[in-house]
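>>> Got a sequence here, can you model it:
(one chain, ligands or ions: 1)
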Amino acid sequence: MTSNTAEVAIHDLQRHIGAVRALDGVSLEIPTGETLAVLGPSGCGKSTLLRLLAGLDTPTGGEIHIAGQKVNGNGLEVPPERRPVNMVFQDFALWPHMNVKQILQYGMKYRGIARGRRDQRVTELLELVDLGGMEKRYPRELSGGQQQRVAIARALATEPRVLLFDEPLSNLDSQLRQQMRDDLARLLRELGTTALYVTHDLQEALALGQRVVVMQAGRIAQIDETRELFRKPATPWVAELVGYANTLDGRILRREDDWALVQAGQQTLWALCRDHELADGDATQIMFQPRGCRLSQQAPQESNLNTLPVQVEQQVFEGHGWRINCRHGQRLLQVHDALPHDAGAGMALAFEKAATHAYRRSEEAVPVETTETAARIA
Ligand SMILES: Nc1ncnc2c1ncn2[C@@H]1O[C@H](COP(=O)(O)OP(=O)(O)OP(=O)(O)O)[C@@H](O)[C@H]1O
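Reported below is the predicted structural model:
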């Protein structure tokens with residue numbers, strides 16, 4: 001089913017190459033004007049998704065609709081130049097022997113933009129990306145940020161309905177990358193063009209995307225608004241990706257709506273649990289972030305907090321604060337704190353119940369201590 005306002009609609013898209021499932025049943029919609037960031041590690045299928053949309057590769061199953069037009073399926077395969085999309089590449093791919101005007105006009109004739117309109121279109125595009133008057137410059141006479149904007153203007157020159165970005169900032173050093181990321185985010189909001197932005201960088205996905213689709217091994221692990229990704233990671237894998245570095249194993253003692261009371265070693269902890277099939281006695285894995293953890297001499301009594309006894313093992317200065325490694329039984333837990341704490345000190349670690357998440361854990365991974373605890377509970 002395709003909704004009326006979706007500029008891109010993908011249904012059960014597959015790309016199998018021999019035994020490799022580069023894409024394995026991906027369905028999503030991008031509403032008009034939205035930038036959707038595609039986030040995931042190397043090999044998860046990000047580039048494959050982009051190439052299939054652009055028509056540079058052919059799916060082995062499923063359908064793609066762009067701007068209401070079906071571009072593949074049942075023997076149909078609309079060629080790249082007839083799809084209303086355009087791509088911005090990693091290295092910007094600006095031809096060094098052409099000036100900005102020639103670069104912008106290059107694709108226009110192939111996409112049927114009338115000769116008489118091309119000069120005016122160049123002026124409009126350069127105004128749009130804040131490069132007015134730079135028609136005669138060559139790429140070597142432009143800064144990295146200006147080159148990026150020329151690359152975007154060139155992609156827009158053929159009046160696409162959807163812009164596809166293939167890790168356009170990954171070759172830059174970190175300071176320039178941050179500045180260009182912010183500039184690009186602002187420009188995309190101003191343009192209001194529908195865009196798909198592929199990256200393996202979490203910060204980039206958050207800055208650029210209104211929503212993020214997290215991909216894992218050719219499938220969608222989660223698709224959500226950026227804040228929801230942090231508030232409600234759908235799986236342990238997504239949780240780890242967005243910074244839930246702390247994990248404890250346990251068993252469900254009791255379920256209450258979206259909550260689970262978990263026995264983890266000697267401790268009982270509350271966690272949010274959206275898996276309603278996870279029942280009393282089931283093995284679980286709870287996760288929480290180092291940020292938001294608090295260390296103190298005495299366990300705080302606030303009812304919204306979980307607490308654990310820990311021993312400080314190591315502290316690492318990270319510029320904006322300290323990362324403190326604490327031991328709790330077999331587990332090493334991380335805490336971010338503004339202040340260091342003495343190694344060897346026994347402390348109470350507190351973290352919000354509402355920022356703690358419980359997930360199903362496979363039985364094989366159950367450590368002896370929790371198996372015994374569960375037997376006692378039973
Ligand atoms: N032509 C091919 N033949 C065999 N396997 C392929 C081919 N193209 C891609 N793959 C495999 O498909 C999977 C997805 O590849 P893809 O390039 O889409 O990943 P990616 O997320 O873009 O990775 P990266 O971030 O490294 O570019 C990988 O396992 C890759 O090895």
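>>> For the stretch 101-250 of the chain, which residues are neighbours of the ligand?
Selection of the stretch 101-250 of the chain residues close to the ligand by Cβ under 6 Å from any ligand atom yields H200. Bear in mind the C-beta positions are built from the backbone N, C-alpha and C, glycine included.
>>> contacting residues for the closest residue to the ligand within the stretch 101-250 of the chain?
Residue of the stretch 101-250 of the chain nearest the ligand, by Cβ to the nearest ligand atom: H200 (5.3 Å). H200 makes contact with 39-42, 46, 167, 170 under the criterion Cβ atoms under 8 Å, 6 or more residues apart in numbering.
>>> Show only the entries of those found in helices.
K46 (DSSP state H).
>>> Please flag which of the contacts of H200 sit within strands.
With strands defined by DSSP state E, the entries of those inside them are L39.
>>> Let me know the pLDDT of the residue nearest to V129 when sequence neighbours are not counted.
Distances taken as Cβ to Cβ, 6 or more residues apart in numbering put R149 closest to V129, at 4.0 Å, once the chain neighbours are dropped. In this model, R149 is scored at 84, pLDDT.
>>> So R149, which state does it fall into?
At R149 the chain is in helix, as set by DSSP: H, G, I helix; E, B strand; the rest coil.
>>> Kindly report the same for the one 4 residues further on.
Of the three states, A153 takes helix according to three-state DSSP.
>>> before we move on, the earlier item: just the buried ones from the contacts of H200?
Neighbour-count burial (16 or more other Cβ atoms under 10 Å) applied to these gives 39-40, 46, 167.
>>> Export the residues you listed as CSV, with columns for pLDDT.
Below are those laid out as CSV (pLDDT from 0 to 100):
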residue, pLDDT
L39, 96
G40, 94
K46, 94
E167, 87
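>>> would TSV of these with distance to G209 be doable?
What follows is these, written out as TSV (distance: Cβ to Cβ, whole Å):
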residue	distance to G209
L39	8
G40	13
K46	13
E167	14
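>>> now, among these, which is nearest to the ligand?
K46 (3.7 Å).
>>> From N72, how far off is that closest one?
19 Å (Cβ to Cβ, to the nearest Å).
>>> G145 now?
G145 is 36 Å from N72, by Cβ to Cβ.
>>> Give me the more crowded residue out of these two.
More neighbours surround N72 than the other of G145 and N72, with 21 against 15 (other Cβ atoms under 10 Å).
>>> Quick check: buried residues in stretch 257-275?
Residues of stretch 257-275 classed as buried: 259-265, 267, 269-273, 275 (neighbour count, 16+ other Cβ under 10 Å).
>>> Which ones among these lie within strands?
Among the buried residues of stretch 257-275, the ones falling in strands (DSSP E) are 259-264, 267, 269-272.
>>> Out of the residues you listed, flag the one nearest to V78.
Nearest to V78 among those is L272, at 44.3 Å by Cβ to Cβ.
>>> my guess is that closest one contacts N306, does it?
No: using Cβ atoms under 8 Å, L272 is not in contact with N306; the gap is 11.5 Å.
>>> Mind listing the shared neighbours of the two?
In contact with both L272 and N306: 353, 356, using Cβ under 8 Å, 6+ apart.
>>> ranges for the helices of this structure?
Counting by DSSP H, the helices of the chain are 46-54, 100-110, 115-128, 144-157, 174-191, 202-208, 226-231, 236-241, 368-377.
>>> Can you say which of those helices is nearest to T284?
Per Cβ to Cβ, nearest to T284 of the helices of the chain: helix 368-377, 9.2 Å.
>>> ok, now which ones touch the residue nearest the centre of the chain?
Most central in the chain under Cα atoms, centre = their mean is L39, positioned 3.6 Å from the mean C-alpha point. Residues in contact with L39 (Cβ under 8 Å, 6+ apart) are 46, 199-202, 205, 209, 212-215, 241.
>>> Let's see that with 10 Å instead.
By Cβ atoms under 10 Å, 6 or more residues apart in numbering, the contact list for L39 reads 46, 197-202, 204-206, 209, 212-215, 221-222, 229, 238, 241-242.
>>> What sits closest to it if chain neighbours are left out?
Nearest to L39 is A205, by Cβ to Cβ, 6+ apart, at 4.1 Å.
>>> surely that neighbour meets A37?
Yes: applying Cβ atoms under 10 Å as the test, A205 and A37 come out as touching, 3.8 Å apart.
>>> Overlap of the contact sets of the two?
Common neighbours of A205 and A37 (Cβ under 10 Å, 6+ apart) are 197-199, 211-214, 226.
>>> ok, so of these, who is nearest R327?
V214 (30.7 Å).
>>> looking at the sheet around the closest one, what are its partners?
As for beta bridges, V214 partners with L39, Q222 under DSSP bridges.
>>> That one - how many residues pack around it?
26.
>>> Please name the residues that touch T58.
Taking Cβ under 10 Å, 6+ apart as the criterion, T58 is in contact with 15, 51-52, 72, 77.
>>> low-confidence ranges in the stretch 1-150 of the chain?
1-4, 91-92 (pLDDT under 70).
>>> do that again at 90, thanks
1-5, 73-76, 80-82, 86-96, 102-133, 135, 139, 142-150 (pLDDT under 90).
>>> chain center to stretch 123-132: distance?
Here stretch 123-132 is found 30 Å from its chain centre; the criterion is Cα atoms, centre = their mean, to the nearest Å.
>>> Stretch 111-121 now?
Counting by Cα atoms, centre = their mean, stretch 111-121 comes out at 37 Å from the chain centroid.
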